[in-house]
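Colleague: I'll drop the sequence and a predicted model, then ask my questions.
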Amino acid sequence: MSTIEQNLQAVHHSIVAAVREARRAPEGVALLAVSKTFGADAVVEAVRAGQCAFGENYLQEAIDKIAAVAAAVPRAKLEWHFIGPIQSNKTRPIAEHFDWVHTVEREKIAQRLSQQRPTGLAPLNICLQVNISGEASKSGVAPGQLRALAQQVAALPNLRLRGLMAIPEPAAEFERQRAAFRQLRLLYEQLRGDGLALDTLSMGMSADMRAAVVEGATIVRVGSAIFGSRDYS
């Protein structure tokens with residue numbers, strides 16, 4: 001058994017333990033393997049271990065990797081999620097190559113993704129990124145502006161608004177981690193109460209996955225616990 005396969009099994013065991021703690025159904029939490037900075041060979045190894053959803057932050061790296069993985073495992077049904085910041089001049093390749101985008105924070109970006117989604121592809125699944133901790137260094141729409149943005153995005157063609165995403169301020173204490181994720185869940189529930197058909201809370205990474213699952217995460221984004229430490233050089 002490869003290291004990546006062993007790591008995937010360990011992450012799944014952690015998810016199952018958190019799901020049981022929260023008294024939720026195991027199938028209610030999906031694992032997004034964050035493969036940024038790792039090569040196509042690592043993704044192929046994960047695919048052969050049963051993983052099918054991958055998150056990427058860097059656009060050109062991702063496009064090259066998507067092509068390489070498709071050539072290596074052509075029959076695999078994979079989902080590619082863009083989870084990095086989005087510049088206006090990068091929306092077309094994102095709309096063309098990805099199944100999900102987790103980091104929409106402005107109506108202009110959503111409009112461009114909608115306009116540039118190729119005919120014949122399924123609607124692009126969208127999560128709105130919320131700056132839940134109010135950090136100046138973090139991307140995301142402010143909670144007070146979320147409702148208006150959600151209504152605007154939900155009305156666009158070629159997109160399907162699925163839910164919310166957040167990267168809270170790091171916290172070591174479990175209850176502080178939970179408190180941040182609870183804020184996002186409450187915003188999500190408010191939007192559902194407005195009639196928006198949301199089903200996704202993308203929250204939780206390697207260090208705070210348990211708290212996120214307990215608070216209702218439906219997608220957890222895990223990279224280093226699967227692929228190992230990153231080399232950004």
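Modeller: Nice, thanks for sending it over. Numbering: from 1, shown residues only.
Colleague: quick one: average pLDDT of stretch 82-93?
Modeller: In this model, stretch 82-93 carries a mean pLDDT of 96.
Colleague: Could you list the residues in contact with that stretch?
Modeller: Contacts to stretch 82-93, defined as CB atoms under 8 Å, 6 or more residues apart in numbering, come from residues 32, 34, 36, 55-59, 62-63, 94, 98, 100-104, 108-109, 112-113, 116, 139, 165, 221. Just so you know, the C-beta spots here come from the backbone N, C-alpha and C atoms, and that holds for glycine as well.
Colleague: May I have it exported as CSV, CA atoms only?
Modeller: Extracted in CSV, the C-alpha atoms of stretch 82-93 (Å, rounded to 0.1, in the frame of the first residue of the first chain):
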residue,chain,number,x,y,z
PHE,A,82,-10.8,25.6,-8.1
ILE,A,83,-10.1,26.9,-4.5
GLY,A,84,-7.7,29.8,-5.1
PRO,A,85,-8.2,33.5,-5.5
ILE,A,86,-9.7,34.5,-8.8
GLN,A,87,-8.6,37.4,-11.0
SER,A,88,-10.9,38.7,-13.7
ASN,A,89,-8.5,37.8,-16.5
LYS,A,90,-8.4,34.2,-15.3
THR,A,91,-12.1,33.4,-15.3
ARG,A,92,-12.3,31.9,-18.8
PRO,A,93,-9.9,29.0,-18.2
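Colleague: Sort out which residues of that stretch are buried, please.
Modeller: Phe82, Ile83, Gly84, Ile86, Lys90, Thr91 (16 or more other CB atoms under 10 Å).
Colleague: now swap in stretch 51-64 and tell me
Modeller: Buried residues in stretch 51-64 (16+ other CB under 10 Å): Gln51, Ala53, Phe54, Gly55, Glu56, Asn57, Leu59, Glu61, Ala62, Ile63.
Colleague: ok, which pair from the residues you listed is furthest apart?
Modeller: Gln51 and Leu59 (21.4 Å; CB to CB).
Colleague: Need the phi and psi values for Leu124.
Modeller: phi -80, psi 120 (degrees, to the nearest 10).
Colleague: pLDDT score assigned to it?
Modeller: 98.
Colleague: Kindly report the same for Glu56.
Modeller: 98.
Colleague: would CSV of the buried residues of stretch 82-93 with secondary structure and distance to Arg23 be doable?
Modeller: Shown next, in CSV, are the buried residues of stretch 82-93 (DSSP: H, G, I helix; E, B strand; the rest coil; distance: CB to CB, whole Å):
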residue, secondary structure, distance to Arg23
Phe82, strand, 32
Ile83, coil, 28
Gly84, coil, 34
Ile86, coil, 36
Lys90, helix, 41
Thr91, helix, 40
